[in-house]
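Colleague: no sequence for this one, just the structure:
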């Protein structure tokens, strides 16, 4: 079952949302509700990608869309793993061309995406366009998410 | 693998008729019995900002269809592909999200040409698994039959009774079983973490409930088995594959760091041959990027050979039996 969590606070959810509200990070607007997928339903969101997260012990994945200065679109995925080892396992793959960034316990940045882990959380932020502002804008959003984890 | 007799039978009964036969020499006549696959390219398809040029997409589609049918006029060419008075489904792919889904420009171009060929707007159904996937393709949900329809299996529902072939037992989407007379498969080319690649045959995972249950063993033989289910085998008769943008590693999700623009459409009736050609495109790109082959990465798309075997007989993966036309 997919849960759609209201973006606003005070919805009765006990767990603090890791998604910054519109305006919480300069220039960024949260443009969708937060969707939450349990591990067994993750295929509905990422199809064949789901297996690697399931084998690393994902518990649930939350996702929301954002827009920077009304133009640059991005998606934030927060994977809640069973433990830090699961987040580390996913991070081990596919980061050889990336630039290390100071985020959480470890983080890497590409021109259009950022991935970092903090405890049992694994966060991936992807932009759909490459502009000169994209890397800095993504980093700012990532720091906004990090602060809420 | 298909026999020569099977190819001739396919050529005689397929949805697409061969064009300009009288002008062909002996080599071309022999080639008629091969599976035709057209790869049409336009290196200027993406503008400086990375946006697709819609007019060039339409022109590229016309070039691909003209090469495939042997008819230069788009409307005449399309009349050789689709029947009039029937419902035509376009099975797009939006599962990878906004950055790596069937491009809207291509879907619109196909819809435009279908209507010019005599298909009424309400006889066209653009569909995917759910609203989210369709929105990733920049499509708007519409169930009004006076216009081109567009909705997902989440609206259309699935059959109650499962169907079986080989290893698969699945519930099919009613859009496929009850709405469409013919389906044009419009997948997008991607690397796939488990299957190796996803393109023509793998796109059929979007026409069933619970596709997650068919990922074991690198999706082999599930992809081949699934495509042998009669409703899929018989109705999904033509592929217009979107290889304008692709991911050559880290798929099937959107990984901008592994994004690449082949700027191509891959067109044909033989789904196995199309996947074989598409696989080689991805391998070439991986080699260029200094990456291991899919075989070396332990995820060679073995389902392609399975689909060509005598049990499945869905097409050919033998380059000797594929007439590749690059235009």
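Modeller: All right, it came through fine. Treat the numbers as computed from the prediction; the structure is a model and nothing was measured.
Colleague: residue contacts, the closest residue to residue B:115 other than its chain neighbours?
Modeller: Of all residues not flanking residue B:115 in the chain, residue B:121 sits nearest, at 6.2 Å (C-beta to C-beta, 6 or more residues apart in numbering or on different chains). (Each C-beta comes from the backbone N, C-alpha and C, glycine too.) Shown in contact with residue B:121 (C-beta atoms under 8 Å, 6 or more residues apart in numbering or on different chains): B:111, B:115, B:146-148.
Colleague: do residue B:58 as well
Modeller: B:105, B:109, B:112.
Colleague: Now do the helix or strand where it lies, average pLDDT.
Modeller: Using DSSP states H and E, residue B:58 maps to helix B:54-69. Averaging pLDDT along helix B:54-69 gives 96.
Colleague: Can you name the element that comes right after that helix?
Modeller: Helix B:54-69 is succeeded, C-terminally, by helix B:74-79 (DSSP H and E).
Colleague: That next one - contacts with which helices or strands?
Modeller: On a contact count with 3 or more C-beta pairs under 8 Å, 6 or more residues apart in numbering or on different chains; DSSP states H and E, helix B:74-79 meets helix B:54-69, helix B:104-116.
Colleague: Give me the residues contacting the last one.
Modeller: Read that as helix B:104-116. B:52, B:54, B:57-58, B:61-62, B:65, B:74-75, B:78, B:82, B:88, B:90, B:92, B:121, B:124, B:126, B:137-139, B:148, B:184, B:186, B:240, B:242, B:244, B:265.
Colleague: Show me which of those residues are buried.
Modeller: B:52, B:57-58, B:61-62, B:65, B:74, B:78, B:82, B:88, B:90, B:92, B:124, B:126, B:137, B:139, B:148, B:184, B:186, B:240, B:242, B:244, B:265 (16 or more other C-beta atoms under 10 Å in any protein chain shown).
Colleague: So which residues of the chain form strands?
Modeller: This is for chain A. With DSSP state E as the criterion, chain A has strands at A:2-5, A:28-30, A:34-38, A:58-68, A:72-81, A:99-101, A:106-109, A:113-118, A:121-127.
Colleague: meant chain B, my bad for not saying
Modeller: Counting by DSSP E, the strands of chain B are B:35-41, B:88-91, B:124-128, B:149-152, B:163-165, B:168-170, B:182-185, B:188-192, B:196-198, B:236-247, B:259-260, B:264-268, B:322-326.
Colleague: Of all these, which one is nearest residue B:275?
Modeller: Closest of these to residue B:275 is strand B:196-198, at 7.1 Å (criterion: C-beta to C-beta).
Colleague: Enumerate the residues of chain A near chain B.
Modeller: A:43-44, A:46-52, A:73, A:75, A:94, A:97-98, A:110-113, A:126-130 (C-beta under 8 Å from any C-beta of the partner chain).
Colleague: residues near residue B:87, how many?
Modeller: Counted with other C-beta atoms under 10 Å in any protein chain shown, residues neighbouring residue B:87 total 20.
Colleague: Repeat that for residue A:76.
Modeller: 26.
Colleague: How about it: what's its closest non-neighbour residue?
Modeller: The shortest distance from residue A:76 to any non-neighbouring residue, by C-beta to C-beta, 6+ apart, is to residue A:125 (5.0 Å).
Colleague: Kindly report the residues of chain B close to chain A.
Modeller: With the criterion set to C-beta under 8 Å from any C-beta, chain B comes near chain A through B:50, B:95-99, B:129-130, B:192-195, B:198, B:205, B:211-212, B:215, B:219, B:249-257.
Colleague: Now list the buried members of those.
Modeller: Buried members of the residues of chain B next to chain A, scored by 16+ other C-beta under 10 Å, are B:95-99, B:129-130, B:192-195, B:198, B:205, B:211-212, B:215, B:219, B:249-257.
Colleague: low-scoring stretches of chain B, by residue?
Modeller: Segments of chain B classed as low confidence (criterion: pLDDT under 70) are B:1-32.
Colleague: what's the longest helix in it?
Modeller: Secondary structure of chain B per DSSP state H: the longest helix is helix B:271-288.
Colleague: any idea which of the contacts of residue B:121 is the one closest to residue A:148?
Modeller: residue B:148 (42.0 Å).
Colleague: so what's the backbone phi/psi at the closest one?
Modeller: Dihedral pair for residue B:148: phi -60, psi 130, per degrees, to the nearest 10.
Colleague: Hmm, it is touching residue B:119, no?
Modeller: No - assessed by C-beta atoms under 8 Å, residue B:148 is found out of contact with residue B:119, at 9.6 Å.
Colleague: if we can go back for a sec, please identify the buried residues of the longest helix of chain B?
Modeller: B:271-279, B:281-283, B:285-286.
Colleague: okay if I get those residues as a markdown table plus distance to residue B:325?
Modeller: A markdown table is the format used below for the buried residues of helix B:271-288 (distance: C-beta to C-beta, whole Å):
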| residue | distance to residue B:325 |
| --- | --- |
| B:271 | 17 |
| B:272 | 17 |
| B:273 | 12 |
| B:274 | 12 |
| B:275 | 17 |
| B:276 | 15 |
| B:277 | 11 |
| B:278 | 15 |
| B:279 | 18 |
| B:281 | 15 |
| B:282 | 20 |
| B:283 | 20 |
| B:285 | 21 |
| B:286 | 24 |
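Colleague: Now for residue B:157: which residues touch it?
Modeller: Counted by C-beta under 8 Å, 6+ apart, residue B:157 has contacts B:173-174.
Colleague: Bridge partners for the most centrally placed residue in chain A, pull those for me.
Modeller: The centroid of chain A falls nearest to residue A:77 when counting by C-alpha atoms, centre = their mean (2.9 Å). Per DSSP bridges, residues listed as beta-bridge partners of residue A:77: residue A:63, residue A:124.
Colleague: Make sure it is actually in contact with residue A:121.
Modeller: No - taking C-beta under 8 Å as the definition, residue A:77 is not a contact partner of residue A:121, at 10.5 Å.
Colleague: For stretch B:63-78, which residues meet the burial criterion?
Modeller: Buried, per 16+ other C-beta under 10 Å, within stretch B:63-78: B:63-71, B:74, B:77-78.
Colleague: nearest to chain A, of those residues?
Modeller: residue B:64 (26.4 Å; C-beta to the nearest C-beta).
Colleague: nearest residue to the closest one other than its sequence neighbours?
Modeller: That would be residue B:40: by C-beta to C-beta, 6+ apart, it lies 3.7 Å from residue B:64.
Colleague: contacting residues around the one you found?
Modeller: Shown in contact with residue B:40 (C-beta under 8 Å, 6+ apart): B:60-61, B:63-64, B:67, B:264-265, B:267, B:326-327.
Colleague: Give me the subset of the residues of chain B next to chain A lying in helices.
Modeller: Of these, the ones assigned to helices by DSSP H are residue B:219.
Colleague: So which of the residues of chain A next to chain B are in helices?
Modeller: Using DSSP H to define helices, the subset of these located there is A:43-44, A:46, A:50-52.
Colleague: partners of residue B:188 in the sheet?
Modeller: Taking DSSP bridges, one obtains residue B:242 as the residues bridged to residue B:188.
Colleague: give the contact list for residue A:30.
Modeller: Neighbour list for residue A:30: A:7, A:19-22, A:64-66 [criterion: C-beta under 8 Å, 6+ apart].
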